[in-house]
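# Quick check, what structure comes out for this input:
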Amino acid sequence: MVPDGSRIAFDSHPGEHWEIYEADVTERKPRKLVTNITNVGRPHWSQDGKWMYFSSQESGRMGIYRCPASGGDAILLSKGAEAINPQESFDGKTVYFASNHDKSTLKQVALSGQPGTESTVDGMPRIREAELWTLFRTGIYFVPAEAPRSLRYFDFASKQTRPVFEVDRDFFSGLSLSPDGRWIMYSLVGEENSDIMLVEHFR
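Take a look at the predicted model:
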């Protein structure tokens, strides 16, 4: 969802390739994101709502890209099939993304730098899978590779990790934090009804 809560973005597989759509939450009419890259997914808004970040699995052009939220030519940020799930930092200066789907390493690339100049987030443990992390202003909430039922927090300043809470089943794909940091959304393995869980005052 765009930071002001007015629009959502999602990926879909209506034909041969994955595509990205965005919709106004009031009008509820999805519009395809038209760009020069195909087979795209894992969309994420920029903090100002002007850009859309995504992963591409197009042959020969795999990697992390961004393009105007209204559509247009995409800019390569990091090349490689293993790059997935990009998220922009709260100050708009850095894009973080997971490398590999399982037991992922979190990487970062400065938006002011040259494409491909990414680096590993220093001190950050491996993540259970590419979708099980989310950014906050001061750090990262994530599920560690070695503890699939534990939510933890990595602090940018101290480079220390602390536990947040435990659940009774493994976390499933997807983790999201509200902009004010008060709510976290997640799903669990074995939840056949696919309910989204909310936790308040989890600090």
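
# in its sheet, what does whatever helix or strand Ser173 lives in sit against?
Taking DSSP states H and E as the criterion, Ser173 maps to strand 171-177. Within its sheet, strand 171-177 is paired with strand 183-188 (antiparallel), according to DSSP bridges.

# Please compute how far the strand it pairs with lies from its chain's middle.
14 Å (CA atoms, centre = their mean, to the nearest Å).

# list the helices and strands the helix or strand just after that strand packs on?
Going down the chain from strand 183-188, the next helix or strand is strand 197-200, by DSSP H and E. Where contact means 3 or more CB pairs under 8 Å, 6 or more residues apart in numbering; DSSP states H and E, strand 197-200 is packed against strand 183-188. C-betas here are computed from N, CA, C, even on glycine.

# who touches the strand it packs on?
Here strand 183-188 makes contact (CB atoms under 8 Å, 6 or more residues apart in numbering) with 134, 141, 151, 167-178, 194-200, 202.

# Point out the other helices and strands that the longest strand that the chain contains packs with.
As assigned by DSSP state E, the longest strand anywhere in the chain is strand 102-110. Using 3+ CB pairs under 8 Å, 6+ apart as the contact test, the elements touching strand 102-110 are strand 75-79, strand 94-99, strand 119-120, strand 127-129.

# mind redoing it with 7 Å?
Secondary-structure packing of strand 102-110 (3 or more CB pairs under 7 Å, 6 or more residues apart in numbering; DSSP states H and E): strand 94-99, strand 119-120, strand 127-129.

# separation between the nearest residue in space to Ser78 that is not next to it in sequence and Lys107?
In space, Ser78 comes closest to Ile64 once its chain neighbours are excluded; the distance is 4.4 Å by CB to CB, 6 or more residues apart in numbering. With distances taken as CB to CB, to the nearest Å, Ile64 is found 9 Å from Lys107.

# Mutual contacts of the two, please.
Phe97 (CB atoms under 7 Å, 6 or more residues apart in numbering).

# For these two, indicate the residue with more neighbours.
Set Ile64 next to Lys107 and count neighbours by other CB atoms under 10 Å: Ile64 wins out with 28 against 21.

# contacting residues for the more buried one?
Residues in contact with Ile64 (CB under 7 Å, 6+ apart) are 53, 55, 77-78, 83, 86, 95, 97.

# one more time with 10 Å, if that's ok
Going by CB atoms under 10 Å, 6 or more residues apart in numbering, Ile64 touches 42, 53-56, 74-80, 83-86, 95-98, 107, 109, 115, 118.

# Buried ones among those?
42, 53-56, 74, 77-78, 83-86, 95-98, 107, 109, 118 (16 or more other CB atoms under 10 Å).

# Could I get the contacting residues of Asp122?
108, 156, 159 are the contacts of Asp122 under CB under 10 Å, 6+ apart.

# how about the residues you listed in a markdown table, adding pLDDT and neighbour count?
Rendered in a markdown table, the data for these read as follows (pLDDT from 0 to 100; neighbours: other CB atoms under 10 Å):
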| residue | pLDDT | neighbour count |
| --- | --- | --- |
| Gln108 | 95 | 19 |
| Phe156 | 97 | 17 |
| Lys159 | 97 | 12 |
